[in-house]
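Trainee: Return a 3D structure for these sequence lines:
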Amino acid sequence: MKPEPSVLIDAKTLARAQDDVLVLDARSPLRYEEGHLPNAVNLFIGALMQSRADGAQVLGPPAQLERVFGAAGIAPSRPVVVYGEQGSCDAAYLFWALDYAGHPSVRLLDGGIEAWVHAGQKLTRSVPVVAERDFSLKPDHTKRATGEWVLSHLRDERVVLLDARSVEEFSGQDRRARRGGHIPGARHCEWTRVLCSDLTFKSPKDLCALFEALGVHRDHILVNYCQNGVRSALVYVAQRVAGFPKVCNYDGSWAEWGNNEKYPVESGI
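Mentor: Below you'll find the predicted structure:
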């Protein structure tokens, strides 16, 4: 399986390429104000979401995404690098959202802001002037799953569901919706398993071995979910790093599935 080296960028390479890319900080405005990469623009992932009555926080409608991306200065002609912290789930969600939106060149800073500091690079509190752009969404619907789509494919042998939550959430012991448990047939792959101890991604070879041990093959359509699609976005990125060609994120996730009686549930390990 051929890996996708362009998915990730390391801190030293980013330091050399900063003038040629748009750097996006996916963390909260408060964390951004405390210190960020030079010239990084803050794009908190909460700005991309809309809250629904069922408790789910899902990716917003096209007009919202176009407005937010444009306000951050994002344009298809300029490569983007996203980063976060503490495992980079926040950056992974932004990576996935831009991937879904049709941006042709998005990379994630491997190891997040911690790797940047560890590499001896400096942080700043200076906020850059953003040149707003017109961003036209060109969504790739193969990269985003809905609850209805998952329900209609539960018996499809081509589809593999991967649950990125904790084992307690997966089993139903930790219930974060009206019902606890997991989607029937889902395989458990907690998001932390795709990372090394220093919070960088495991190698493509090790990631392939991890997913293959779960019975995942190149021809499968991989559907990742968690509670609101954030932790599962990190597993989505890991699958991209490993070279799996058919991967998507179910951002409604357990907040939608566990709160709607029409969706079946399994519990236990």
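Trainee: Count the residues that sit near Ala233.
Mentor: 28 (other C-beta atoms under 10 Å). From N, CA and C alone the C-beta is placed, and that goes for glycine too.
Trainee: What residues does it make contact with?
Mentor: By C-beta atoms under 8 Å, 6 or more residues apart in numbering, the contact set of Ala233 is 89, 92-93, 95-96, 224, 249.
Trainee: end-to-end on stretch 194-204?
Mentor: 10 Å (C-alpha to C-alpha, to the nearest Å).
Trainee: which residues are contacting that stretch?
Mentor: Contact partners of stretch 194-204, identified using C-beta under 8 Å, 6+ apart, comprise 1, 3, 8, 86-88, 110-112, 114-115, 118, 207, 210, 234-235, 237-238, 241-243.
Trainee: Give me the buried entries from those.
Mentor: 3, 8, 87-88, 110-112, 114-115, 207, 210, 234-235, 237-238, 241-243 (16 or more other C-beta atoms under 10 Å).
Trainee: Show me where the stretch 1-150 of the chain has its helices.
Mentor: Applying DSSP state H, counting those that start in this stretch to the stretch 1-150 of the chain gives helices spanning 11-17, 29-34, 62-71, 89-101, 112-118, 147-152.
Trainee: most packed of those?
Mentor: Counting by mean count of other C-beta atoms under 10 Å, helix 89-101 has the highest mean neighbour count of the helices of the stretch 1-150 of the chain, with a mean of 27.
Trainee: Render the CA-only coordinates of that one in CSV, please.
Mentor: Output of helix 89-101 as CSV, limited to C-alpha atoms (Å, rounded to 0.1, in the frame of the first residue of the first chain):
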residue,chain,number,x,y,z
CYS,A,89,-7.6,16.0,17.0
ASP,A,90,-8.6,19.7,16.5
ALA,A,91,-6.3,20.1,13.5
ALA,A,92,-7.4,16.7,12.1
TYR,A,93,-11.0,17.9,12.1
LEU,A,94,-9.9,21.1,10.2
PHE,A,95,-7.8,18.9,7.8
TRP,A,96,-10.8,16.7,7.1
ALA,A,97,-13.2,19.7,6.7
LEU,A,98,-10.9,21.3,4.1
ASP,A,99,-10.4,17.9,2.4
TYR,A,100,-14.1,17.5,2.2
ALA,A,101,-14.5,21.1,1.0
